[in-house]
Structures are given as C-alpha cells and as structure tokens.
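Visitor: Dropping a prediction and its sequence here:
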Amino acid sequence: MSVLDPRHFKVLCIEDEPEILRDLVEELRDYGFEVGEAPNAEAALPLIETLAPHLIVCDMQMPGMNGLELLHKLRARRDDLAAVPFVFLTAFGDRDSVITGRRAGADDYLVKPVDYDLLIAAVESHLRNVAQRAEKVSAASLVVAEAEGLPGREDLQRRLETAAAVQSVAVVRIDDMAEVGRRFAGHDPRHAYRLAARLARMAGIDLYWLKLDCCVLLPGAGANLDRALARLADFALRDSDGGGQARTRVPLSIVTGRPDERGAMVLVDQLVESARLLQRDGGGRTLALDDPALSEMRLANSIRSELVNAINQGQMHVCFQPKVRASDGRPLSAEVLVRWDSPLLGQLSPGTFIPVVERAGLLSHVTDWVLRQTALCQVRLREAGLPARLAVNIGGSEFTSGLADRIAAICADVGADMRDIEVEITETSMLEDPDSASAIVEALHARGVSVALDDFGTGFSSLSHLQSCAVDMIKIDRSFVRQVAEEGTDQKIVLGIIRLAQMLGVETVAEGVELESQRRWLRENNCATLQGYLISRPLRFETYCDLLRDWPDA
Ligand code: C2E
Ligand code: MG
Ligand code: MG
C-alpha cells in the first residue's frame, strides 16, 4: 500500500457545533493535513472555491443549508471539485440520512461522537484512492499520447533549446474537455489527442501535449501562427451523434506570447497559467499574454483567493463619511465605506474589489461583515451620545427579498436600532427588476430602514419607477456635481433632479461636493443634504467620533 504524505492534502471540515468542529480540525491538523474549517454550509461554499480541498468532512444536520444540499451542489459542478470525496457525520441511529447521503453520492459516513482513529483511517483511504486515480489518469494520457505519436513536454523543451529563435508561442486549452468527450467520443481520452492532431495538421503548426486538455503550438516551417490561430478559433467538429452533418464549434482558450530573456519554458508555463485563467473566465477567446484583460483576471483570481483571509484576519475595515444638512451644515448620518489593506495585493479600493467579489458570488460575506460593523458602530455612537445614523451600500446581487430580515437579525444580535440604518442601492441594480425592488423597499420601510438611490443619473430610471419604488433619498452622482456651479448641461440636470425629487417628496443628497462654490449653489437650489471631501473625507471610526464631538453645535 502506498504511503500517503498528509502534508500534500487539504481537508475541509464543516460542522455547526463549535466544539466538534474544533476537535475535528485539531485531530486532522495534528496528523499533518492542511485543514480548512467552516461553521456552516454557506460559509463553506467560498472556501471550497479558494481552498479546493481534496476531501470534505461535513455534518449532515446544520441550520440553513444542510450537508445533503451542499453535497448536491458539489456533485452538480462541472469541474474537478464535483468528484471530491465527501465524508459525512451523522447522529447515532440516523439510518435514513445515511441512506439518503449515500444515494446522493457521499463516499463515507461516520457516526457521532466521532471516533478519531476511524476518521483518520477513512480520510486516508479515500485520499489514497484520489492519489491513485490522478496517477492513473496522467499515466494513461501519456501512454495514449505516445501511441498517437504526438510529441510532449520533453520534445518541446528540446525543440526550444535547439531550434533557432522561436518567434511566437501559443498555448491552447480546450474549454470543456468533458463536453467534447461526451459529444464526440464518449469520454475516450484518445479523442483529445486525435482532435489535436487534426487541429495541428489543418493549421500547419507544430503541436506539443502538456496535459489532456492543454497543448503548446509553435509555427511550423513557413506557417504563420496568427493566421493559423484565427482558423483554429473557428474550428468546428463534426458531431458524431448528428448524422455526420451537424457541426459544433469547439471553444478554445488561446494565449500567445513571444520568448524573451526569461527563457522559453518559463514563457510556456506563464502561457499555461494564463490560458487556465482565461478558461475559467468563460474561455472561447484568444489573447496576448500582455493583454490588460489577463492582468484583470489575474487580479480577480488573487482577490477571490485572498478574500477569506481578508475577512478572517481583519484585513478589512470600514470608514465613515458624514452627510450634512445643506441649510446649516449639521451632521445627519454617515456613509459606511469598506476598505481592504491586503498584505499581498496592497490597498484595494471597493471600486476594484467589490465588482470582482460580486461576480464570484461572494459578496454576501463582505455585506454581512459590513452590516455587522455598521450595527456595532451604531451602538457605540449611541452610547457616546453622538448622532448614530449610518448608511450601508448594498450591491445589486444582495438586494433581495431576505435583506430586511438579514439586517434585522444582525441588529437584534448586537442591539442596534434599525430605524437608524439607511441602505444605499445603485440605480442600475434597482432597475433590474422594478417590481421586486419595490417589494424589497416596502419590507425595509416596514422595519424602519430608509432607502437611498445611489449614483442617481448614471442609470436610466423612469419617473414611474421612482414613484413605484418609493425610495426616501436620491443621491445625485458625483459626475453631475463636479460642474454644478457652472452654467451648463450638468447644472440643468441637477436642477431637474432636485425639482423632480421635490415633486415626489424624495430627499436629495449631493455626492462628491469638493468646492465651496458647489456647496453654495446646491444650498441655494434646495438640495437637502451634502456629502464630499469639502465636508470630510471618509474617516476611521475613532476619528469620525472625534469629528462629531468637535462639531460646532452638534
Ligand atoms: P458610492 O456609494 O457612490 O460611495 C461614494 C464614493 O465616493 C466613495 O468611494 C467615496 O470615498 C467617494 N467620495 C466621497 N466624497 C468624494 C469627493 O468629494 N470627491 C471624490 N472624488 N470622491 C468622493 P469609495 O469609498 O472608493 O467607494 C466606491 C464605491 O464602492 C462606492 O460608491 C460604493 O458603491 C462601493 N462600496 C463601498 N463600500 C461598499 C460596501 O460596503 N458594500 C458595497 N456593496 N459597495 C461598497
Ligand atoms: Mg453609496
Ligand atoms: Mg454614490
């Protein structure tokens, strides 16, 4: 039996009872595994993305999403994680869960209280299978490649070392190998190689295999790589099920680069990594290695994998920017703005990381954290006898029917008052589904939370939406405020917004007020509330408290 080095394997433990979770994690960590932990299935989902565990140990009965639902989600995926071994923990005598769990694709179960020797033995045995399977697949694919007469990594290395300067290199990944296999060859790995051979021959290029779904292309004698790649990107396969007539495009992720002083194999590795990013981004495109879109994908990838650290290790904090009454300058509330100082990625502005986190489906973790900080700070402000109203930004994907209950639960937990919470939601996300938007606003109103429409003027609200959604405030976007003191289109737009708001009984807030001339104009034209660097930059909590304490007449 092969010896397993636990240091090479990552295990994720999911368990809602804190003592059991602590013991599980300690036992597995002591044994040498790298261990991730989550107190519930919801928290486990982002961890599965970032940790990419080799095995999951999961409690079946948990509040919220239970172990079974999590297992279903996992098995429905289309990537490697779909097959990760899943060991579930169940209460003694819960025979039905064991049967249901097994049917749903769980690999093993252990009865609580957990016998840790049994747990380690089970984990080891499943991981050994994983390791053997991986070895078999890569050995098999090499054998097949050789049988098909295709050159591999060593041939590539030799060619790059010996040949006269190679002008350009491309790495091609087949975006959905499983789909290609299903449609054209019924899971036969040889198909990938035959496909590649056809692609190469057709395009007049030299091809080297690195992995089942990934190869390197160099221009063959007299061939132009760019032209060949353009043809490749349009390549269509004849569908073996479709009576030989139907053709389906094979989506490919292609990244190209030119060797420089870094060495050709270093370049190849960078191309492979970039093609993988491109593939994960949706694929079906050809990009040059220095394309800004790839740098963005690299940043997004790092943000995704660093996010869990950001929240767990206190790398995030919130700042507070006062909103003041235009007529007399009194502080009314403050907008809570999140900040992330990452030791790895540097200071990230929310404008950079929030959209990435939202696209990755992980925004709820940030929102929950910000909401909790907001509620905690509100309590401290009240205790200090300071104005305690605070406004939080809610991303479009978080503006859902459960929002009011979610805020209520957090406020109840820390003793904050929901009537002193404002929610800022952008005009564009409000417009996605105006009907449900108005229901969400109603639910928030019922709890005493007020709602502001952020960045107003940048979307395309119609008057009827504004009326049906019944928001309390409109925040006039900074881009219109910039030139508001000068006669021109922006001034007319702002005047129009203020009049419209007055007719609808909605308050107006001007964002990004930086100049005295802007403040004067806005006050004279009945804009109710002002926010911007002229009044104050976003401040750390303590500094914000000092500012309020020293405020004239506050
Ligand atoms: P926003 O909600 O429109 O927030 C106002 C932004 O304008 C903030 O940028 C603020 O620092 C900046 N700002 C305020 N006054 C001035 C000014 O006088 N001049 C200029 N040039 N800028 C000013 P920040 O903090 O970088 O936030 C950017 C955006 O990120 C926010 O726009 C908001 O949409 C989003 N955001 C921030 N915190 C959160 C959060 O906790 N959750 C979510 N979902 N989004 C957030
Ligand atoms: Mg805002
Ligand atoms: Mg705004």
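Guide: On my side now, so go ahead. Ligands and ions are numbered 1, 2, ... in the order given.
Visitor: low-scoring stretches of this structure, by residue?
Guide: Within the chain, the stretches with pLDDT under 70 are 1-3, 134-148, 163-165, 177-193, 195-196, 199, 222, 235-248, 460-464, 553-554.
Visitor: Please see if the strand ranked longest in it touches ligand 1.
Guide: Using DSSP state E to define each element, the chain has its longest strand at strand 331-342. Yes. Counting by C-beta under 6 Å from any ligand atom, ligand 1 is contacted by strand 331-342 at Leu337, Val338. No exception for glycine: its C-beta is placed from N, CA and C like everyone else's.
Visitor: Make 27 the first number, not 1, from now on.
Guide: Okay, residue one is now 27; in that scheme the one you just asked about reads as strand 357-368.
Visitor: And the next helix or strand after that strand, what does it pack against?
Guide: For strand 357-368, the following helix or strand on the C-terminal side (DSSP states H and E) is strand 372-374. For strand 372-374, the elements it packs on are strand 357-368, judged by 3 or more C-beta pairs under 8 Å, 6 or more residues apart in numbering; DSSP states H and E.
Visitor: so what secondary structure elements neighbour the host helix or strand of Val292?
Guide: Assessed by DSSP H and E, Val292 sits inside helix 290-306. Counting contacts by 3+ C-beta pairs under 8 Å, 6+ apart, helix 290-306 is packed against helix 179-188, strand 195-200, strand 240-245, strand 278-283, helix 318-338.
Visitor: Figure out how far that helix is from the centre of its chain.
Guide: With C-alpha atoms, centre = their mean, to the nearest Å as the basis, helix 290-306 stands 21 Å off its chain's centre.
Visitor: what do you get for stretch 296-311?
Guide: With C-alpha atoms, centre = their mean, you get 17 Å for stretch 296-311.
Visitor: where along the stretch 77-226 of the chain do the strands fall?
Guide: Using DSSP state E, counting those that start in this stretch, the strands found in the stretch 77-226 of the chain span residues 81-85, 112-116, 134-137, 195-200.
Visitor: What parts of the stretch 327-476 of the chain come near ligand 2?
Guide: Contact residues, the stretch 327-476 of the chain versus ligand 2 (C-beta under 5 Å from the ion): Asn419, Glu450.
Visitor: do you know how far the spatially most central residue of the chain is from Ser328?
Guide: Centroid check for the chain by C-alpha atoms, centre = their mean gives Ala386 as the closest residue, at 2.1 Å. As for Ala386, its distance to Ser328 is 12 Å (criterion: C-beta to C-beta, to the nearest Å).
Visitor: and what of Leu492?
Guide: Distance from Leu492 to Ser328, by C-beta to C-beta: 39 Å.
Visitor: What residues does the stretch 277-426 of the chain have near ligand 1?
Guide: Residues of the stretch 277-426 of the chain lying close to ligand 1 by C-beta under 6 Å from any ligand atom are Gln347, Leu363, Val364, Ser375, Pro376, Gly377, Ile380, Val396, Asn419, Ile420, Gly421.
Visitor: Most neighbours among these, which one?
Guide: Neighbour counts for these, by other C-beta atoms under 10 Å, peak at Ile420, which reaches 25 neighbours.
Visitor: Hmm, Glu448 and that one touching each other?
Guide: No. Contact between Ile420 and Glu448 fails when scored by C-beta atoms under 8 Å: they sit 10.2 Å apart.
Visitor: Show me the one of the strands of the stretch 77-226 of the chain that comes nearest Asn335.
Guide: strand 81-85 (20.2 Å; C-beta to C-beta).
Visitor: relative orientation of that closest one and strand 112-116 in degrees?
Guide: For strand 81-85 against strand 112-116, the angle by axes from the mean of the first three to the mean of the last three C-alpha atoms, to 10 degrees is 20 degrees.
Visitor: So which elements touch strand 81-85?
Guide: Using 3+ C-beta pairs under 8 Å, 6+ apart, the elements in contact with strand 81-85 are strand 36-40, helix 44-57, helix 67-77, helix 93-101, strand 112-116, helix 142-173.
Visitor: Most tightly packed of the ones you listed?
Guide: Highest mean neighbour count among the helices and strands packed on strand 81-85 (mean count of other C-beta atoms under 10 Å): strand 36-40, with a mean of 25.
Visitor: which helices and strands sit right next to the helix or strand Arg549 falls within?
Guide: Element membership of Arg549, judged by DSSP H and E, is helix 542-550. In terms of contacts (3+ C-beta pairs under 8 Å, 6+ apart), helix 542-550 is packed against strand 555-556.
Visitor: near ligand 3, anything from the strand it packs on?
Guide: No. Strand 555-556 does not reach ligand 3 (C-beta under 5 Å from the ion); its nearest approach is 12.7 Å.
Visitor: What strands flank that strand, and is each parallel or antiparallel?
Guide: strand 342-351 (antiparallel), strand 533-536 (parallel) (DSSP bridges).
Visitor: Those into CSV, with extra columns for distance to Pro79?
Guide: Output for the strands paired with strand 555-556, formatted as CSV (distance: least, C-beta to C-beta, whole Å):
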stretch, distance to Pro79
strand 342-351, 24
strand 533-536, 46
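Visitor: Need the three-state assignment for Trp235.
Guide: For Trp235, the assignment made with DSSP: H, G, I helix; E, B strand; the rest coil gives strand.
Visitor: Settle this for me: it is touching Gly175, isn't it.
Guide: No. The pair Trp235 / Gly175 is not scored as a contact, 10.9 Å apart, by C-beta under 8 Å.
Visitor: okay, those two: which has more neighbours?
Guide: For Trp235 versus Gly175, the count of surrounding residues by other C-beta under 10 Å is larger for Trp235: 25 against 8.
Visitor: how close does that one get to Arg356?
Guide: Trp235 sits 70 Å away from Arg356, going by C-beta to C-beta.
Visitor: Contacts only, for the residue of the stretch 227-376 of the chain found nearest ligand 3.
Guide: For the stretch 227-376 of the chain, the residue closest to ligand 3 is Glu361, as judged by C-beta to the ion, at 8.2 Å. Taking C-beta atoms under 8 Å, 6 or more residues apart in numbering as the contact definition, Glu361 lies against Phe346, Gln347, Lys349, Leu416, Ala417, Asn419, Glu450, Gln557, Pro564.
Visitor: and if we set it to 6 Å?
Guide: By C-beta atoms under 6 Å, 6 or more residues apart in numbering, Glu361 lies in contact with Gln347, Ala417.
Visitor: what about Asn92, neighbour count?
Guide: By other C-beta under 10 Å, neighbour count at Asn92 equals 17.
Visitor: before we move on, back to that, got TSV for the strands paired with strand 555-556, with distance to ligand 3 too?
Guide: Converted to TSV, those look like this (distance: least, C-beta to the ion, whole Å):
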stretch	distance to ligand 3
strand 342-351	10
strand 533-536	9
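Visitor: Can you tell me which of the ones you listed is most buried?
Guide: Most buried among those, given mean count of other C-beta under 10 Å as the contact rule, is strand 533-536, at a mean of 25.
Visitor: still on that earlier bit, go through the helices and strands packed on strand 81-85 and name the closest to ligand 2.
Guide: Nearest of the helices and strands packed on strand 81-85 to ligand 2, taken as C-beta to the ion: helix 67-77 at 24.2 Å.
Visitor: which residues are in contact with that closest one?
Guide: Helix 67-77 has contacts (C-beta under 6 Å, 6+ apart) with Lys36, Leu38, Ile40, Gly62, Ala64, Met88, Gly90, Met91, Leu96, Ser331, Val334, Leu388.
Visitor: so the third one touches Val83, yeah?
Guide: No. Proximity of Ile40 to Val83 does not meet the contact threshold set by C-beta atoms under 6 Å, at 7.2 Å.
Visitor: Check the spacing between Glu550 and ligand 1 real quick.
Guide: 19 Å (C-beta to the nearest ligand atom, to the nearest Å).
Visitor: Since that was my last question, I'll sign off now.
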